[in-house]
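Asks: please find the sequence and the predicted model below.
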Amino acid sequence: MTIASLDHRFTEFLLDSQALKFGDFTLKSGRKSPYFINAGAFNDGRKIATLGAFYAEKIAEEIKAGNLPADIDTVFGPAYKGIPLGVSTAIALTSAHGMEVGYTFDRKEKKDHGDGGMMVGTQLKDGMKVLLVDDVMTAGTAVREVIPKLKAEADVEVVGLVLSVDRMEKTKDSDLSAVKAVEAEFGFPVFAIANVREIFEAGQHIETASGQPYVTPEIKASADAYLAQYGA
């Protein structure tokens, strides 16, 4: 029996969790999209643990390929959505892949009592290798906000960013995707567990309870048209 690819299994998980929906959605950017990803659907222990395991599997894959270092010191998840991602990924890297790795997240406001500071979890020190995790990147705004915070804490090395899904769309002000724009601006690699083309491909072969594929020919045609217009 052939083991399904990571992107195929991840698409199944997104659909089972009802985090991925196909249809007609208006995004915050105003674009009308044939799909929508709702990170709020990962709302219980089983789902967030499974999500962390997918992130860890992708990270381990990229370490094996030589694209990420094996000696990552901490996984950083930007508040608020990145917090459970960072924690669950660090747990999965330790339990499933034998990596001793910390987790860190930022406070929205500096705490001036108790342990104080801007960071929670593994405290950042000069020379540390930090791996960022986030859900879906549309414009890269969160990354641009968080890098100065990290550098203000210590002279850390950001070794990469791992996303759940790469939308593969042009940013508003260039022909580059948000992923490529961030790579060019900051000089570290960005990886995704799956990209939108892989998700639409997998969705044609994954069936609903009624035996119909999640991605019908109509949805696929609308996805192709969307990516032809906005794809990078």
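Replies: Right, received. Where do you want to start?
Asks: which SS state does residue 93 fall under?
Replies: The three-state label for residue 93, taken from DSSP: H, G, I helix; E, B strand; the rest coil, comes out as helix.
Asks: hang on, isn't it packed against residue 101?
Replies: Yes: the pair residue 93 and residue 101 passes the contact test of CB atoms under 8 Å, sitting 5.1 Å apart. Every residue, glycine included, has its C-beta placed from N, CA and C.
Asks: between these two, which contacts overlap?
Replies: Taking CB atoms under 8 Å, 6 or more residues apart in numbering as the contact definition, residue 93 and residue 101 share the neighbouring residues 72, 75.
Asks: between the two, which one's more packed in?
Replies: The residue with the greater number of neighbours, taking residue 93 and residue 101 and applying other CB atoms under 10 Å, is residue 93; the counts read 25 against 21.
Asks: so where is the protein shaky, pLDDT-wise?
Replies: Scanning the chain with the threshold set as pLDDT under 70 gives 1-3, 109-116.
Asks: name the residue closest to the centre of it, please.
Replies: In the chain, the residue lying closest to the centroid (CA atoms, centre = their mean) is residue 163, at 1.9 Å.
Asks: contacts only, for the nearest residue to it once chain neighbours are set aside.
Replies: Counting by CB to CB, 6 or more residues apart in numbering, residue 163 lies nearest to residue 192, which is 4.4 Å off, once chain neighbours are set aside. By CB under 8 Å, 6+ apart, the contact list for residue 192 reads 58, 162-166, 179.
Asks: just the ones of these in strands?
Replies: Among the contacts of residue 192, the members found in strands (DSSP state E) are 162-166.
Asks: list buried residues within those residues.
Replies: Burial of the ones in strands among the contacts of residue 192 was assessed by neighbour count (16 or more other CB atoms under 10 Å); the buried members are 162-166.
Asks: so how far is the helix or strand hosting residue 89 from its chain's centroid?
Replies: Here residue 89 sits within helix 82-97, counting by DSSP states H and E. In terms of CA atoms, centre = their mean, to the nearest Å, the gap separating the centre of helix 82-97 from the centre of its chain is 13 Å.
Asks: buried residues, that helix. List them.
Replies: Of the residues in helix 82-97, those buried by neighbour count under the rule 16+ other CB under 10 Å are 82-93.
Asks: right, and the helix or strand after that helix?
Replies: strand 102-111.
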